[in-house]
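J.: Here's my sequence, what's the structure:
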Amino acid sequence: MQILSSRFVFGDDFTLSRLFIDGAPFAGCPYILEDKVREVPGYDVDLWKIDGETAIPVGRYRVVIDMSTRFKKMMLHLLDVKGFAGIRVHSGNTSHDTEGCLITGSTCSEAEGEVYGSRKARDALFAAVEAALARGEEVWWEVSGFPK
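T.: Predicted coordinates:
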């Protein structure tokens, strides 16, 4: 399974992406909310990252389902995100809920940088990834897009 979050709104303190699975828009979870993109291509993460307030770098990451020690439940986990640890996919509504993670959304406000229907979207995405892993597929998440 190939997941793509294609960033399309770059706010002052948030980033919105459209979500695709295997090249098609994913109706169960059409939006992802992240913190602000601060990445400076070609520079080390330590030079541009602000802990808990920075979107993950553009790239491609393996996805697993494992136990979150913080949330005490099984969650989607992006592995080997350079300069970041414990990147989870979870519910929330604003960039204040992200702390560097990815927030799911059924609908969004581009002006406010908020997502809604987050738990429903999270559950749909979790089920899709869980089914792919059960079929023996690897799951990869690609993040694309920079502010202009």
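
J.: all strands of this protein, in order?
T.: 2-10, 15-21, 24-25, 31-34, 59-68, 73-78, 87-90, 102-105, 107-109, 114-116, 139-144 (DSSP state E).

J.: Any chance you could spot the residue sitting in the middle of this protein?
T.: Centroid-nearest residue in the chain: residue 102, 3.1 Å away (criterion: C-alpha atoms, centre = their mean).

J.: Tell me the confidence at that residue?
T.: Here the pLDDT value assigned to residue 102 is 98.

J.: How many residues are close by the residue lying closest to residue 49 once chain neighbours are set aside?
T.: Spatially, and ignoring its direct neighbours in sequence, residue 49 is nearest to residue 83 (5.6 Å; C-beta to C-beta, 6 or more residues apart in numbering). C-beta here means a position set from N, CA and C on the backbone, and glycine is covered the same way. Neighbourhood size, residue 83 [other C-beta atoms under 10 Å]: 16.

J.: circling back: I'd like the strands of the chain as a markdown table, with distance to residue 42 appended.
T.: Listed next are the strands of the chain as a markdown table, based on distance: least, C-beta to C-beta, whole Å:
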| stretch | distance to residue 42 |
| --- | --- |
| strand 2-10 | 18 |
| strand 15-21 | 20 |
| strand 24-25 | 31 |
| strand 31-34 | 21 |
| strand 59-68 | 14 |
| strand 73-78 | 22 |
| strand 87-90 | 22 |
| strand 102-105 | 24 |
| strand 107-109 | 30 |
| strand 114-116 | 31 |
| strand 139-144 | 17 |
